[in-house]
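J.: Return atomic coordinates for the entry below.
(chains A and B)
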Amino acid sequence: MIHDFTYLKPGTVKEALTMLADHADECKVICGGQSLLIVMRQGLVTVDYLIDLKGLDELNYIKCDDKEGLKLGATTTHRTIEKSDVIKKSYPILAAMEEKLASIQVRNWGTIGGNLAHADAAGDPAPVLISLDAKVKLGSAKGERVMTLEEFYTDLFETALGEGEIILEVQVPPMAPKSASAYQKFNLLENDQGIVAVAVTLAADNGVCKDARIVLGNAGVTPIRAKSAEKVLIGQKLTDQLFAEAGVAAAGDADPVSDIHSSAEFRKHLITVLTKRMAKQAWDQANKG
Amino acid sequence: MEKKVITLSVNGVEYELYINPKTLLVEAIRDHIGLTGTKRGCETVSCGACTVMIDDMAVKSCSVLAIQADGRKITTSEGLEKNGELAPIQKAFLDEGSYQCGFCTSGMLMSSEALLRENPTPTEEQIREGIEGNICRCTGYNSIVRAVAAVAKGKYAEVKS
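T.: Purely as a prediction, here's the structure:
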């Protein structure tokens, strides 16, 4: 049973930020609501004011150029990202990740900004975007700021969003030359959330791994950078032995829980295997490009 | 809480509703408008039984606030037929026996219809992906896939006179 609330629908971003400032500690923001309405129905979230950003076309855009990289407006739907030709061409990993996110119905209505702000550690976009070194532009009535998506996540379902602040835009830098990303989640139903997930972005330079960003999904309370695994790879000519070592290191970086889906031990095992595989896959692709 | 007036165009008919803003789209369609073809299933965005189309786009009506669909064009399973004649996808479901208990049927019809509007000639894999958000607990997927494939192959195309 959803508790009663007062519904507010701003026509512009400016109006939305004013409404947020007016009702800062008694409101919640809804966009597609594909996650929020579930927890509202379960009574886990109750609000006095619900501010609906779904209709803000101002934030519904995909911009991409070689210098600035990719900019996604917060109200852009998952399906729009999945179907975007420019994303398929320049950031194929994002389109591939979206294609396996929940169901078509959810992707048709759910938005990238809503997904990231909901901060479910098992969400698909965050690990991939963090591996691509994405940033988020946040806005409130007081002004705007930009932070890395990695810093954005502070705890389970907790973010760095301050009072009256919302995500306006996701910014992804241009892919480095000879770089590639790979992402895989492990689950029992293909489009379910991952029991764990691993995203790897590697850059190659003359056969040496110049840079590595490895991010683990659902392996802790927030997406986790597997920094010791990255250290295993950076500066090396990569071999199967090193991919395997990176896998073991990544499991050490993880802090998973045991739940009905899997034990913590099995999650660590999955991280070992997926990190090894995704690092190899990204490396092979990076050296082709 | 302040009630709101919204307008929903459902199957080509305009309805003006006076609703509590927490009303879900599926509640507006079933309880306020009285069209019960759309089913309430899991209500956790999992099963797809409540699938309807908003502007030709499949969505789960249990996870959309009715007020978010204000002014939009909604199609439910009742809106598939034209002038008393079943739509191709409905005829195909009958011919292929794509029903067991029938609870998933209206959602399956809407996902299939949305898929065919977006891609009139899907491959079998694309059909299976197209109904990925709909669960048939009788596991009658093969007959549903056959029905969509039959429409895609033009079996129910109107003969142009």
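J.: any idea whether the closest residue to A:S90 other than its chain neighbours is helix, strand or coil?
T.: The shortest distance from A:S90 to any non-neighbouring residue, by CB to CB, 6 or more residues apart in numbering or on different chains, is to A:C64 (6.0 Å). Yep, even glycine has a C-beta here, placed from its N, CA and C like the rest. The three-state label for A:C64, taken from DSSP: H, G, I helix; E, B strand; the rest coil, comes out as strand.
J.: quick one: contacts for A:C64?
T.: By CB atoms under 8 Å, 6 or more residues apart in numbering or on different chains, the contact list for A:C64 reads A:L70, A:K71, A:V86, A:I87, A:S90.
J.: out of these, which is most surrounded?
T.: When neighbours are taken as other CB atoms under 10 Å in any protein chain shown, the top entry among those is A:L70 (24 neighbours).
J.: Mark out where each domain of chain B begins and ends.
T.: As recorded under automatic domain parsing, the domains making up chain B are B:4-79, B:88-152.
J.: Look up how far A:K135 lies from A:G69.
T.: Relative to A:K135, A:G69 is positioned 10 Å away (criterion: CB to CB, to the nearest Å).
J.: meant to ask about A:N115, not that
T.: For A:N115, the distance to A:K135 equals 16 Å [CB to CB].
J.: Looking at the two, which has the bigger crowd around it?
T.: In this view A:N115 and A:K135 are compared by other CB under 10 Å, and A:N115 has more residues nearby, 24 against 19.
J.: one step back: possible to save the domains of chain B as JSON lines with mean pLDDT?
T.: Supplementary listing: the domains of chain B in JSON lines, determined by pLDDT from 0 to 100:
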{"stretch": "domain B:4-79", "mean pLDDT": "97"}
{"stretch": "domain B:88-152", "mean pLDDT": "97"}
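J.: Would you mind giving these as JSON lines with mean neighbour count and distance to A:A286 added?
T.: Converted to JSON lines, the domains of chain B look like this (neighbours: other CB atoms under 10 Å in any protein chain shown; distance: least, CB to CB, whole Å):
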{"stretch": "domain B:4-79", "mean neighbour count": "20", "distance to A:A286": "36"}
{"stretch": "domain B:88-152", "mean neighbour count": "19", "distance to A:A286": "28"}
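J.: nearest to chain A, of those domains?
T.: Distance to chain A, taken as CB to the nearest CB, is lowest for domain B:88-152 among the domains of chain B, at 2.5 Å.
J.: and A:G73, how many neighbours does it have?
T.: 23.
J.: Could you do A:L59 as well?
T.: Applying other CB under 10 Å, we find 22 other residues in the vicinity of A:L59.
J.: That one: what's it in contact with?
T.: Residues in contact with A:L59 (CB under 8 Å, 6+ apart) are A:V13, A:L53, A:G73, A:A74, A:T75, A:T76, A:G113, A:L168, A:E169.
J.: quick one: which of the residues you listed sit in helices?
T.: A:V13, A:G113 (DSSP state H).
J.: Can you give me the buried ones in stretch A:232-239?
T.: Taking 16 or more other CB atoms under 10 Å in any protein chain shown as the neighbour-count basis, stretch A:232-239 is seen to contain the buried residues A:V232, A:L233, A:I234, A:L238.
J.: Not counting residues beside it along the chain, what's closest to the third one?
T.: Think A:I234. Using CB to CB, 6+ apart and skipping residues adjacent in sequence, the residue nearest A:I234 is A:A212, 5.3 Å away.
J.: number of nearby residues for A:A96?
T.: By the other CB under 10 Å criterion, the neighbourhood of A:A96 contains 17 residues.
J.: My error: substitute A:D22 in the last question.
T.: A:D22 is flanked by 14 other residues according to other CB under 10 Å.
J.: check which helix or strand covers the spatially closest residue to A:V172 that is not a sequence neighbour.
T.: With CB to CB, 6+ apart as the measure, A:L70 is the residue that lies nearest to A:V172, at 4.1 Å, once sequence neighbours are left out. Using DSSP states H and E, A:L70 sits within strand A:69-73.
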